[in-house]
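In: kindly return the folded structure for what I paste below:
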Amino acid sequence: MKNKVQLITYVDRLGCKTLKDLKLLMRNQLKDLFGGVHILPFYYPIDGEDAGFDPINHQKVDPRLGDWYDLKSLSQDVDVMADLIVNHVSAQSEQFQDYLQKGSHSEFASMFLSFDTVFPNGATEAEILAIYRPRPSLPFTKFKLADGSNKLIWTTFTSNQIDIDVKSKTGEQYLAGILDIFQKAGITMIRLDAAGYAIKKPGTSCFMIEETFEFIDELSEKARSRGIEILVEIHSYYKTQIEIAKRTDYVYDFALPVLVLDTLFNKNTRSLKKWLEVSPRNAITVLDTHDGIGIVDVGSENGKAGLIEDSILNNIVDQIHENSNGNSRKATGEAASNLDLYQVNCTYFDALGRDDQAYLIARAIQFFVPGIPQVYFVGLFAGENDMELLAKTNVGRDINRHYYTIQEIDQQIERPLIKHLFELIRFRNDHPAFYGEFSLKESVDHILHIRWENGSEIAELIIDLKIMRLRILYSDGGEIHELKF
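Out: Numbers count the residues shown, from 1 in each chain. Below is the predicted model of the structure:
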């Protein structure tokens, strides 16, 4: 992956109808902004219950967007990352439908996890309660087979997302087949979606257990043998992220979004500085994604202290709700059908109360901390909560999944804030200091001072939170200049 800012987007929500349109957009309105693009699920169909994360056919590009040749063409302009959805397939998939018809006689019978394959001798109440669940419901759904029998199928997320037995021969073949197609299409990096839930073992939480790490190691080797790097997506306790980072190519810095909010809300850099002393350097940094703002990534776990005290974290969540005029409450938890226990659904711009200066400071922090920055398409335009889409779908995450038109994009890029953001992106991409050494300069709690140094080249970020002042100093031709906004 290039050490340049990356874009993460859906094809059909960024003013595009097809992959060909996306290629044109990257060459025109978004020219020279991104070293790579993470295209969110483009598999058939893109409009399932979970916006493509419930693929009926993971090896088929949704025909409405194009085909694998179009993706290959795009990959010749910019690095492409794709999702490998390792944990589940759609209940409407050919494989699962075959299983429902033929039961144990189906060639895909071993591909799916049922209650009795994990708990052949039954499970105690304690074993069931020990299972880590991302949503407030049991991870099982009852399905009726063609012969009239019932089967309790493992469904970690929704009843339409059928968990795969990734250790079975058919499960391994399924994932290997996707990797082969990715390789042919020029995809150079994949994100392992929901990999933390992939291994189920009785008597454990079935989330990020030792066998999960082993599975990620094995799958990573298979990908690397095809010239593909791995990004592991896990929302979890911060020390777990540090351990994951030691065993893979890249991890997300999911702690950063809330730590930046803490910094700006409380005018205090202590928690952020504490994290930057230990945070993985092989990170993809984000402020926003197609999911919500993660809370579990900075909180405490089983009595172990988090990066932010729980009381302060609760206040940050309340501040997000206040800044968004309560709209984030309508998209979070029981208020929306897509229930999430570990995140707040809200655009980052609204979380900051639509404050242009605070937003620019937040992006400057993201671009200066260690890691490769990734910018979500809604965040690229400092987007506001889409309450109309939320009302239409009642899916909490849709509040931050706006469908932009080309006309909207053309209007957005004329905003002063977006012009400044584009300038900041290009600076992060082009200045040689970011290929050198990171250091965090000692400063009082209301000052953040970050320095990058590469030989004689330097780039410095200095933020004074008391007056919300942002300064960027950099070398050019042996002289020190300031990036003015």
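
In: give the contact list for the residue nearest to the spatial centre of the chain.
Out: By CA atoms, centre = their mean, the chain has its centre lying nearest to residue 289, at 5.1 Å. Contact analysis of residue 289 by CB atoms under 8 Å, 6 or more residues apart in numbering lists 8, 374, 376. From N, CA and C alone the C-beta is placed, and that goes for glycine too.

In: hey, what's the second one bridged with?
Out: Read that as residue 374. Counting by DSSP bridges, residue 374 forms beta bridges with residue 6.

In: quick check: it touching residue 2?
Out: No. Assessed by CB atoms under 8 Å, residue 374 is found out of contact with residue 2, at 11.9 Å.

In: so between the two, which is more surrounded?
Out: More crowded of residue 374 and residue 2, by other CB atoms under 10 Å: residue 374, with 27 against 13.

In: OK, contacts around the more buried one?
Out: With contact set as CB under 8 Å, 6+ apart, residue 374 has these partners: 5, 6, 7, 8, 38, 284, 285, 286, 289.

In: can you give me the pLDDT of the last one?
Out: It stands for residue 289. Note on residue 289: pLDDT of 93.

In: and the gap between residue 295 and residue 17?
Out: In this structure, residue 295 and residue 17 are 35 Å apart, going by CB to CB, to the nearest Å.

In: neighbour count winner among the two?
Out: The residue with more neighbours, out of residue 295 and residue 17, is residue 295; 24 against 13, by other CB under 10 Å.

In: which pLDDT value belongs to the more buried one?
Out: At residue 295, pLDDT is 88.

In: residues touching it, list them.
Out: 258, 313, 317, 342, 343, 344.

In: out of the residues you listed, name the ones that lie in strands.
Out: 343, 344 (DSSP state E).

In: want to throw the contacts of residue 295 into TSV with distance to residue 280, neighbour count and pLDDT?
Out: TSV is the format used below for those (distance: CB to CB, whole Å; neighbours: other CB atoms under 10 Å; pLDDT from 0 to 100):
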residue	distance to residue 280	neighbour count	pLDDT
258	17	30	97
313	21	20	92
317	25	19	92
342	20	17	72
343	20	23	88
344	23	24	93
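
In: a markdown table for the contacts of residue 295, including distance to residue 129?
Out: Shown next, in a markdown table, are the contacts of residue 295 (distance: CB to CB, whole Å):
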| residue | distance to residue 129 |
| --- | --- |
| 258 | 28 |
| 313 | 24 |
| 317 | 25 |
| 342 | 18 |
| 343 | 22 |
| 344 | 25 |
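
In: looking at the contacts of residue 295, which is nearest residue 386?
Out: residue 344 (15.4 Å; CB to CB).

In: nearest residue to the closest one in space, please, no chain neighbours.
Out: Excluding the flanking residues, the one nearest residue 344 by CB to CB, 6 or more residues apart in numbering is residue 293, at 4.7 Å.

In: any chance you could map the helices in the stretch 101-250 of the chain?
Out: Per DSSP state H, counting those that start in this stretch, the stretch 101-250 of the chain carries helices over the ranges 115-118, 125-130, 169-184, 210-224, 238-245.

In: can you tell which of the ones you listed is closest to residue 305?
Out: helix 238-245 (9.9 Å).

In: show the low-confidence segments of the protein, by residue range.
Out: Within the chain, the ranges that satisfy pLDDT under 70 run 334-341.

In: domains in it, by residue range?
Out: Using automatic domain parsing, the domain parsing of the chain gives 6-86+168-435, 94-162, 438-482.

In: and the residue nearest to the centre of the chain, its phi and psi?
Out: Backbone torsions for residue 289, taken as degrees, to the nearest 10, come to phi -140, psi -170.

In: from residue 25, how far out is it?
Out: Counting by CB to CB, the gap from residue 289 to residue 25 is 20 Å.

In: again, but for residue 39
Out: Where residue 25 is concerned, residue 39 sits at a distance of 12 Å (CB to CB).
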